[in-house]
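Undergrad: got a predicted model here, sequence first, then my questions.
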Amino acid sequence: MSRRRMLMRKIRQVLDYRLGKGISAEQTALALSISKGSVINIVQKFSLSGLSWPLQEGFTDSDLERLLFPLNAEEVRPPGTILPEIDYVLKELTRPHVTLQRLWEEYYEANPSGLKRSAYYRYVCRNRPKAVHLKMIHKGGEKVFADYSGDGPHYVDRVTGEIVGLDFFVCCWGASGYAYAEATESQKSADFSLSHVRSFEYFGCRPYGVVIDNLKSGIKTPDRYEPLANPLYEQMARHYDIAILPARAGKPRDKAVIENTVLHTQRFILARLRDRQFFSLEDVNSAIREELNRFNDLPMKDYGGQSRRQRFLELDKPYAKMLPSESFKISRVKLGVRVAGNYHVRFENHHYSVPYGLAGKCVDVYQVGLIIEIYNDGVHLCRHRAGAANFGYTTEGSHMPPSHAFVRGWSKEWFLAKAGEIGPFAKEAVERIIDSREHIEQGYNAALGVLRLVKVYSPERVEKACERILHFKAVSFKTLRTVLEQSLDRKTFLPFKNQQEPITHENIRGPNYYINP
């Protein structure tokens, strides 16, 4: 806008110098730092306009530009030209694969004497409403935007009377603004992922992508070019075949749709619930669902009285993807777990076997319900039933090397020899630890732990601690470590006396005395 006004001021100067003051074209060009041809061209256009100099008072720059440069589509179109309907154009642009070029082609086929392509583009650009012009145009069924509200509801714990604060999750479709909202216990990855699952079930369909802020629940490592998604959230996205689209940091225009929806749901839902008292998360979400349905059915003045639900059914749902046959189930994920030398991986305080050839490599472990799935380099390796968190072992026989040959050259004899360097009690303790396991390799980790204790404590203390756990028949690595940590090896203990033969004496009556005759 400032560039056009500057140009018109210079045009007025040209006209004043040439027509008002009678200065030559060459001197005018030199004084105003423009070309002589531009001066001549401006004077010629003014002559053709039929105006006289000086201009009448109140004659604006826009009036002068319109007469000197009548090249805009609105000025040169023939009488009776059919103009495109702006509301129709803006509505069609929300549909997938529809562009302004395609709409002009359809318009021109129906109106051969209508606006040319450039004139059509200028007309649409100048006549679209400001509110639409300043926001992004979203394709129907393409994106869902998700975020948390800064404020959330709460409920009162019936037992303790404590006020439990909740987080307020909100998501909406880009084209229609159709929204979903619920309260969650936290913003952790599990709650964040399951909120998406429930929102898709509420919508009855799924988008092609989800735009989220760079919160830790969704994006583990933010990056402008290659952000790293949270494993659980990524698994949810993979289940629904949707793309994760993190918004650019510090760019609220990327997610203006959800920012407005969060604000509106706060005012519509949370404001209505502010004086109500709840006693559980379920009660809160039940009330939120009632208000959410009212919010989505509320007529919107800016869209001709249409509600968000009506716009969703018209703009988003027909172009969205169907839901998969099964909903995503929450699971635990651990990526990059290194396989121990005994070809087991530790997950949730339990050890699971993998093929022994993967010892020393990294695998990904997923838990879905009671099933443990293990992958290496994207390839499924094996499946186990989840074991108790007691540091036990679950071993598949086919995963073991032939004849229990340990992949690193370790063996029971090797461990016993190393333990014998500490002392006889240490050797006996290591042997019992290895023999107590179902498979011989399962005891190698614990045996290795015993050997490494000499790096923290002296061999004498380890030997004394082994004597103690052997005496009390509590032979395990954890017990040995506890004895050393609490310095129990420094305390003396009384050994059990060997059972002696019964004492006989002539004054002792013996058991036969008490037998009834």
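TA: That came through, no problem. Just so we're clear, the structure is a prediction, and the values are computed from it rather than from any experiment.
Undergrad: where does this structure dip in pLDDT?
TA: Filtered on pLDDT under 70, the chain yields the residue ranges 1-7, 70-79, 130-136, 223-226, 248-254, 402-410, 438-442, 494-506, 510-511, 513-517.
Undergrad: got the domain boundaries for it?
TA: Domains of the chain are assigned by automatic domain parsing as 2-70, 76-133, 143-319, 331-404, 412-490.
Undergrad: would you turn these into a markdown table with mean neighbour count and distance to Asn512?
TA: Heads up, the C-betas are built off the backbone N, CA and C, glycines and all. Shown next, in a markdown table, are these (neighbours: other C-beta atoms under 10 Å; distance: least, C-beta to C-beta, whole Å):
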| stretch | mean neighbour count | distance to Asn512 |
| --- | --- | --- |
| domain 2-70 | 14 | 126 |
| domain 76-133 | 14 | 104 |
| domain 143-319 | 17 | 67 |
| domain 331-404 | 16 | 52 |
| domain 412-490 | 18 | 37 |
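Undergrad: any chance of those in JSON lines, plus distance to Ser325?
TA: Below are the domains of the chain laid out as JSON lines (distance: least, C-beta to C-beta, whole Å):
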{"stretch": "domain 2-70", "distance to Ser325": "58"}
{"stretch": "domain 76-133", "distance to Ser325": "24"}
{"stretch": "domain 143-319", "distance to Ser325": "11"}
{"stretch": "domain 331-404", "distance to Ser325": "15"}
{"stretch": "domain 412-490", "distance to Ser325": "39"}
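Undergrad: wait, what's in contact with the residue nearest the centre of the chain?
TA: Nearest to the geometric centre of the chain sits Gly218, at 1.9 Å (C-alpha atoms, centre = their mean). Listed by C-beta atoms under 8 Å, 6 or more residues apart in numbering, the contact set of Gly218 reads 189, 192, 212, 229-230, 233, 244, 246.
Undergrad: and of those, the nearest to Glu106?
TA: Taking C-beta to C-beta as the measure, Glu106 lies nearest Ile244 of the contacts of Gly218, at 35.1 Å.
Undergrad: for that closest one, name its beta-bridge partners.
TA: Beta-bridge pairing for Ile244 (DSSP bridges): Val210.
Undergrad: Glu234 versus that one, what's the distance?
TA: 7 Å (C-beta to C-beta, to the nearest Å).
Undergrad: show me what Arg332 is bridged to.
TA: According to DSSP bridges, the residues that bridge with Arg332 are Gln367.
Undergrad: dump the contacts of Gly218 into a markdown table; add distance to Ser52 as well.
TA: What follows is the contacts of Gly218, written out as a markdown table (distance: C-beta to C-beta, whole Å):
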| residue | distance to Ser52 |
| --- | --- |
| Ser189 | 75 |
| Phe192 | 71 |
| Ile212 | 64 |
| Ala229 | 70 |
| Asn230 | 73 |
| Tyr233 | 72 |
| Ile244 | 66 |
| Pro246 | 62 |
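Undergrad: end-to-end on stretch 449-466?
TA: 13 Å (C-alpha to C-alpha, to the nearest Å).
Undergrad: can you give the contact residues for that stretch?
TA: The list of residues contacting stretch 449-466 from outside it, by C-beta under 8 Å, 6+ apart, reads 415, 418-419, 421-423, 425-426, 428-430, 433, 477, 480-481, 483-484, 488-490.
Undergrad: try it again with 6 Å
TA: Where contact means C-beta atoms under 6 Å, 6 or more residues apart in numbering, the residues beyond stretch 449-466 that reach it are 418, 422-423, 425-426, 429-430, 477, 480, 483-484, 489.
Undergrad: for stretch 18-37, same thing?
TA: Stretch 18-37 is contacted from outside by 13, 17, 39-40, 43, 53, using C-beta under 6 Å, 6+ apart.
Undergrad: between these, which sits nearest Asn127?
TA: Using C-beta to C-beta, Gln13 is the member of the contacts of stretch 18-37 that sits closest to Asn127, with 32.6 Å.
Undergrad: separation between that closest one and Pro54?
TA: Distance from Gln13 to Pro54, by C-beta to C-beta: 13 Å.
Undergrad: for Ile433, same thing?
TA: Ile433 is 108 Å from Pro54, by C-beta to C-beta.
Undergrad: ok, now Val14?
TA: Distance of Val14 to Pro54, given as C-beta to C-beta: 13 Å.
Undergrad: same thing with Glu259?
TA: Counting by C-beta to C-beta, the gap from Glu259 to Pro54 is 52 Å.
Undergrad: same check on Leu19?
TA: Distance of Leu19 to Pro54, given as C-beta to C-beta: 8 Å.
Undergrad: how far away is the residue nearest to Ala25 when sequence neighbours are not counted from Lys10?
TA: For Ala25, ignoring the flanking residues on the chain, the nearest one in space by C-beta to C-beta, 6 or more residues apart in numbering is Val39 at 4.6 Å. Distance check for Val39 against Lys10: by C-beta to C-beta, it reads 10 Å.
Undergrad: show me what the helix or strand harbouring Arg238 is packed against.
TA: Assigned by DSSP states H and E, Arg238 belongs to helix 231-240. On a contact count with 3 or more C-beta pairs under 6 Å, 6 or more residues apart in numbering; DSSP states H and E, helix 231-240 meets helix 189-203, strand 331-338.
Undergrad: Tyr121: which of those is closest?
TA: Proximity to Tyr121 (C-beta to C-beta) singles out helix 189-203 among the helices and strands packed on helix 231-240, at 34.5 Å.
Undergrad: relative to helix 231-240, how tilted is the closest one?
TA: On the basis of axes from the mean of the first three to the mean of the last three C-alpha atoms, to 10 degrees, helix 189-203 is oriented at 20 degrees to helix 231-240.
Undergrad: gap between helix 189-203 and the chain center?
TA: Helix 189-203 sits 12 Å away from the centroid of its parent chain (C-alpha atoms, centre = their mean, to the nearest Å).
Undergrad: equivalent analysis for stretch 21-36, please.
TA: Distance, stretch centre to chain centre, for stretch 21-36: 64 Å (C-alpha atoms, centre = their mean).
Undergrad: quote the end-to-end distance of that stretch.
TA: In stretch 21-36, first residue to last residue: 17 Å (C-alpha to C-alpha).
Undergrad: likewise for stretch 30-42?
TA: Start-to-end, stretch 30-42 (C-alpha to C-alpha) is 15 Å.
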